[in-house]
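A.B. asks: Whatever this is, show me its structure:
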Amino acid sequence: MTDSYEAGLSELEELTWNLGGVDLDLELDGDEGFDDVGELVGDDHPGALDGTTAGNQTMTSREVSLTCGIAYDDDEATHELFSQQLNNYRKVMHPLPDRQATRLLRFRRIGEEGKRLYVRPANGRPLSVPGDEARLKFGLTKAVVLRLTAPDPIVYSDALHTVTFEADEVIDIVNAGSFTARTLVWSIEADGPVTITHEDFEGESITFPSTGALTVRRQPGRPTPEIIAPGTYGICHGPAGTLFPRWPLLRPGSNNIRASAACTFSWRDIS
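C.D. replies: This next block holds a predicted model:
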């Protein structure tokens, strides 16, 4: 198993906060509202029933505010940098027409692994600038507030884990998160049809039929997987005859997973 990052993204340094590609200069109390996001809720813990309770059934959308500071002094060059940074905040917080598109908030506190949360600007005034820009420049205040909505308030690991299967190979996949992984971000890529089976639970499998190359993924906020590769067809088959079965069910800890054909499986742990 290897850790990797998407193209254009790198591992976060400690005390780094980044929203939509813009680094945030957070005040010391700027992460309020995140302390309980991702905690164990209801039956979502390693010993819950048979491990099939989905975290997104018990965690609801929430509002989050981040307080940022902008460094400046009296020289003209610094004022220009200040204006540029404030404009960057404005761009990343500008609501899109449908107000549904999410932005990626990546953060890493001291002593913790990098994490990510999917958010969108809140309705109304998502960016609050106390006073006008001139007052900010002359030192009366430098705090700006970013108001966000977390529609799928689950904190994921920033690291993307990837395993590659040979045909009929069994691999022990370790879910380092504390939630059962039905809510995980995951994807499967294969050259053709593939059946994925959890060897530790009888009858727990899912088949992805295809006429060619196959890509299936589950993204935040989507309760069911989506088939996105051109040329694919059919319906996924799995437990209880559901059209989109509840897989992959990676319980916290060790999971013996078998693939009927060569494929690549990627996922993120839940913090």
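
A.B. asks: switch to C-alpha atoms for all contacts and neighbour counts from now on
C.D. replies: Noted.

A.B. asks: thinking G192 is in contact with T207, fair?
C.D. replies: No: applying C-alpha atoms under 8 Å, one finds G192 not in contact with T207, separated by 11.0 Å.

A.B. asks: which neighbours do those two share?
C.D. replies: Shared contacts of G192 and T207 (C-alpha atoms under 8 Å, 6 or more residues apart in numbering): none.

A.B. asks: Where do the helices of this protein begin and end?
C.D. replies: 76-93, 133-137 (DSSP state H).

A.B. asks: which of these has the lowest average pLDDT?
C.D. replies: If the helices of the chain are sorted by mean pLDDT, helix 133-137 sits at the bottom with a mean of 56.

A.B. asks: low pLDDT regions in the stretch 51-200 of the chain?
C.D. replies: By pLDDT under 70, the low-scoring segments of the stretch 51-200 of the chain are 51-60, 70-79, 97-99, 130-142, 178-184.

A.B. asks: list the contacts for L127?
C.D. replies: 89-90, 93, 144-147.

A.B. asks: Go again with 6 Å.
C.D. replies: Listed by C-alpha atoms under 6 Å, 6 or more residues apart in numbering, the contact set of L127 reads 145-146.

A.B. asks: ok, now V194?
C.D. replies: With contact set as C-alpha under 6 Å, 6+ apart, V194 has these partners: 207-208, 260-261.

A.B. asks: so which of these is the most crowded?
C.D. replies: Of all those, F208 has the most neighbours under the rule other C-alpha atoms under 10 Å, reaching 22 neighbours.

A.B. asks: from what I can see that one touches Y233, true?
C.D. replies: No: when contacts are counted by C-alpha atoms under 6 Å, F208 is not listed as touching Y233 (8.8 Å).

A.B. asks: Can you give the domain ranges for the protein?
C.D. replies: Residue ranges for the domains of the chain, per automatic domain parsing: 6-155, 160-267.

A.B. asks: How many residues are close by the closest residue to S254 other than its chain neighbours?
C.D. replies: Of all residues not flanking S254 in the chain, V174 sits nearest, at 4.6 Å (C-alpha to C-alpha, 6 or more residues apart in numbering). Using other C-alpha under 10 Å, V174 has 16 neighbouring residues.

A.B. asks: Now do V174 against E63, distance only.
C.D. replies: Distance of V174 to E63, computed by C-alpha to C-alpha, to the nearest Å: 32 Å.

A.B. asks: quick one: contacts for V170?
C.D. replies: Applying C-alpha under 6 Å, 6+ apart, the residues near V170 are 257-258.

A.B. asks: Number the residues from 59 up from this point.
C.D. replies: All set: I'll call the first residue 59, so the last point we hit is now V228.

A.B. asks: quick one: it and T273, what's the gap?
C.D. replies: For V228 relative to T273 (C-alpha to C-alpha), the value is 20 Å.

A.B. asks: Check what pLDDT P104 gets.
C.D. replies: 42.

A.B. asks: what's the answer for H295, then?
C.D. replies: pLDDT, H295: 68.

A.B. asks: what do you get for the one 10 residues further on?
C.D. replies: W305 carries a pLDDT value of 66.

A.B. asks: swap in the one 5 residues further on?
C.D. replies: In this model, P310 is scored at 77, pLDDT.

A.B. asks: Could you give the number of residues near the nearest residue to it once chain neighbours are set aside?
C.D. replies: Leaving out its chain neighbours, the residue that sits closest to P310 by C-alpha to C-alpha, 6+ apart is N233, at 5.0 Å. Per other C-alpha under 10 Å, the neighbour tally for N233 reads 22.

A.B. asks: Next: R148.
C.D. replies: 16.
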